[in-house]
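Participant: Below are the sequence and a predicted model for it; my questions follow.
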Amino acid sequence: MYNAEPHSAIRDARVTAVIERLQTTRRAPVRGNPMQSGSRDPHDYVEQGFSIHPEQGELIYLLCRGLRAKRVAEFATSVGMSTLYFAAAMRDNGGGTVIGSEIVPAKVAAAKRNLADAGLADYADIREGDARKTLRDLGGPVDFILIDGWPGDKGPTLARQVIEIVAPQLRVGGYVMNDNAEADFLEFVRDPDNGFVSITLPLKGGTELSLKVA
């Protein structure tokens, strides 16, 4: 019989307690939604942690465990919800690093506090600044990349710009997850010439999961 009660694959109560706290305190932006009509300046949302949902995080954790992932990356870290899932997988795989990028200094500090509270600080490298710079050199091939980007005002989205930077650094057999379904990002991962196969999953209104095959 199907059990509808929430269940986590992560067995460390210290980690799940921080995740539950972040989920419980998730707040709607007071300045509107940046994906729609609100301000597009990320510094206007210091108090809001724009984060993946737990079901997306659980999938990240399971896929990283299955890959035996050792090096992963994410844009953007925000207050560290996704980082917790990645870092837990790195630890449970016997060691590794999640390379995060976050442009708002206060959120970098919050993410580091949350990782420390979960006992996972040693498995994360949070880089402060523009992801188009901080993720340009990941120090070698990575196994998984999360692109949960920020809307721009015009031109290519940040998600599209970041995937073009990080895709060559993703190993064949590695995954990319995208949270916001930016049209030009989808165009990139769905073009066979770019070396991916991709599907849309029914998580958080549509989550794109792409596998690098070439």
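Facilitator: Okay, I see it.

Participant: where exactly do the strands run in the protein?
Facilitator: Secondary structure of the chain (DSSP state E): strands at 71-75, 97-102, 124-128, 142-147, 170-178, 196-201, 207-212.

Participant: Excluding sequence neighbours, find me the nearest residue to the residue most central in space within the chain.
Facilitator: By CA atoms, centre = their mean, the chain has its centre lying nearest to L146, at 3.8 Å. For L146, ignoring the flanking residues on the chain, the nearest one in space by CB to CB, 6 or more residues apart in numbering is E74 at 4.1 Å. Every C-beta, even on glycine, is put in place using the N, C-alpha and C of the backbone.

Participant: Okay, the residue nearest to the centre of the chain and A13: tell me how far apart.
Facilitator: Distance, L146 to A13, by CB to CB, to the nearest Å: 24 Å.

Participant: F50 reaches T77, doesn't it?
Facilitator: No. Counting by CB atoms under 8 Å, F50 stays clear of T77, with 10.3 Å between them.

Participant: Looking only at neighbour counts, state which of those two leads.
Facilitator: Shown here are F50 and T77; by other CB atoms under 10 Å, T77 has more neighbours (32 against 21).

Participant: Would you map the helices across this protein?
Facilitator: All helices of the chain, identified by DSSP state H, fall at 13-24, 54-67, 81-92, 105-117, 131-134, 158-166, 183-189.

Participant: contact partners of the last one?
Facilitator: Contacts of helix 183-189 with the rest of the structure, by CB atoms under 8 Å, 6 or more residues apart in numbering, involve 147, 149, 156-157, 159-160, 163-164, 167, 176, 178, 194, 196, 198, 208, 210.

Participant: What mean pLDDT does stretch 145-152 get?
Facilitator: Mean pLDDT, stretch 145-152: 84.

Participant: which parts of it are buried?
Facilitator: Neighbour-count burial for stretch 145-152, counted by 16 or more other CB atoms under 10 Å, picks out 145-151.

Participant: could you list every residue that touches the closest residue to L211 other than its chain neighbours?
Facilitator: Once flanking residues are discounted, L211 sits nearest to V197: 5.3 Å by CB to CB, 6+ apart. V197 sits next to 210-211, 213 when contact means CB under 8 Å, 6+ apart.

Participant: could you redo these as JSON lines and give each row pLDDT and neighbour count?
Facilitator: As requested, these are exported to JSON lines (pLDDT from 0 to 100; neighbours: other CB atoms under 10 Å):
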{"residue": "S210", "pLDDT": "98", "neighbour count": "26"}
{"residue": "L211", "pLDDT": "98", "neighbour count": "17"}
{"residue": "V213", "pLDDT": "98", "neighbour count": "10"}
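
Participant: ok, these vs L63, which is closest?
Facilitator: L211 (9.9 Å; CB to CB).

Participant: In the protein, where is pLDDT below threshold?
Facilitator: Scanning the chain for pLDDT under 70 picks out the ranges 1-6, 27-49, 151-153.

Participant: Go again with 50.
Facilitator: Applying pLDDT under 50 to the chain flags residues 1-2.
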